[in-house]
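1. structure for this input, please:
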Amino acid sequence: MTRGVDGPVAVLGLGAMGAGLAGRLLDQGIPVRVWNRTADRTAPLAEAGAHVAAHPADAVTGTSAVICVVSDGEALGTVLRGPDGVLAEGPYPGVVLCASTVAPEEVVQIAGDIPQILDMGMLGNRDHARDGELRLFVGGEQEAVKAALPLLRTLGKEVVHLGALGSGMRMKLLLNLLMGIEVQALAEATELASACGLDRQQVLKTIAGSGFASPVMAFKSRRLASARFDEPDFRLRLMAKDLMLATKQAAAVGLSLPLATAAAETHVRATERGLGDQDCAAVTRALAPKPGTDT
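-> Numbers count the residues shown, from 1 in each chain. I've put the predicted structure just below:
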């Protein structure tokens, strides 16, 4: 017997996407309980009417669903199964949505005996999350999807059930693989243009009007044109993590992904240079000409 989403919703993790999801729920008149590792991010949502919890176990009290939007598998394990986690007081009776981008195998392992758990890959940015315009890719049992469907349809304009638990994360990793490669390709073309004496702004304008452009390129072209990478839409260190996860998935099934591997290495190098908390378009700063190179 499944229990549907018929009460308050907890949102654990208030980065760009988590805050957007919580804001969407509040806009729709749904009571929201929030928790974040660093409490300062809870303030805007508290002002909007969310209840701020001291820890995840407190956040899920009296809720019918919980959405986890934390940074990695370790954090996901902690918020679900840690001393103050979702399961600290016993089995959780509602729906658990794992929207953190982690290895599919980690979701399955962490899920354990949670009866209604889904992994939810999200396609879109913080504005899409706030406006209910996300495309959602879900993995898990059909009964859990049925129970969560009203909530999912509140959060996204499209909901696709891909199959078993872990399927949503596999799709999300594929999408982020494409994004990471595309943004790096744009950055490389732009850096090459500048190094060869072409005007950066003109090059970006030309690319935007060409058949090679895409919504991702158009969005990130503005970042590259302004060279402003603070207030990130997608942190570079998270892109590095996702590209590494994608290459590990490929290795596990015997595939070689040369482009993904190269992009992962570049993003890791950029993170090591202190760019990890900037927007992923800051990968361009890891492509500077080598000292002493004639341009």
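
2. and stretch 57-67, what's buried?
-> Ala57, Asp58, Ala59, Val60, Thr63, Ser64, Ala65, Val66, Ile67 (16 or more other Cβ atoms under 10 Å). Placement of C-beta: from N, CA and C, glycine included.

3. from those, which ones fall inside strands?
-> Among the buried residues of stretch 57-67, the members found in strands (DSSP state E) are Ala65, Val66, Ile67.

4. next one, pLDDT for the first one please.
-> Note on Ala65: pLDDT of 97.

5. shouldn't it be in contact with Val5?
-> Yes. Contact criterion Cβ atoms under 8 Å: Ala65 and Val5 qualify, at 4.6 Å.

6. please enumerate the shared neighbours of these two.
-> Residues touching both Ala65 and Val5 (Cβ atoms under 8 Å, 6 or more residues apart in numbering): Gly94, Val95, Ala148, Leu151.

7. buried residues of stretch 211-221, list them for me.
-> By 16+ other Cβ under 10 Å, the buried positions in stretch 211-221 come out as Met217, Lys220, Ser221.

8. ugh, typo on my part, it should be stretch 11-27
-> For stretch 11-27, the neighbour count (16+ other Cβ under 10 Å) marks 11-26 as buried.

9. on the three-state scheme, the residue lying closest to Val60 once chain neighbours are set aside is what?
-> In this structure, Val60 finds its nearest non-sequential neighbour in Ala10, 4.7 Å apart by Cβ to Cβ, 6 or more residues apart in numbering. Taken by DSSP: H, G, I helix; E, B strand; the rest coil, the conformation at Ala10 corresponds to strand.

10. check the burial of Ala10 by counting its neighbours.
-> 30 (other Cβ atoms under 10 Å).

11. how close does it get to Leu152?
-> 16 Å (Cβ to Cβ, to the nearest Å).

12. got the contact list for stretch 216-233?
-> 16, 125-126, 179, 182-183, 186-187, 190, 200-201, 204, 207-208, 275, 277-282, 284-285.

13. just the buried residues from the residues you listed, in ChimeraX please.
-> Buried residues within these, by 16+ other Cβ under 10 Å, are selected in ChimeraX with:
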select :16,125,126,179,183,186,187,190,204,207,275,278,279,280,281,282,284,285
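
14. quick one: which of the contacts of stretch 216-233 sit in helices?
-> 16, 126, 179, 182-183, 186-187, 190, 200-201, 204, 207-208 (DSSP state H).

15. just those residues now: which is nearest Leu80?
-> In terms of Cβ to Cβ, no member of the ones in helices among the contacts of stretch 216-233 lies closer to Leu80 than Ala16, at 21.4 Å.

16. tell me which residues touch the closest one, please.
-> By Cβ under 8 Å, 6+ apart, the neighbours of Ala16 are Asn125, Arg126, Ala129, Pro232, Asp233, Phe234.

17. give me that answer again for 7 Å
-> For Ala16, the contacting residues are Arg126, Asp233, by Cβ atoms under 7 Å, 6 or more residues apart in numbering.

18. kindly calculate the angle that the helix or strand containing Ser194 makes with helix 200-208.
-> Following DSSP states H and E, one finds Ser194 within helix 167-195. Helix 167-195 and helix 200-208 are oriented at 130 degrees to each other (axes from the mean of the first three to the mean of the last three Cα atoms, to 10 degrees).

19. which elements pack onto helix 167-195?
-> helix 104-111, strand 117-123, strand 134-139, helix 200-208, helix 215-226, helix 236-252, helix 258-270 (3 or more Cβ pairs under 7 Å, 6 or more residues apart in numbering; DSSP states H and E).
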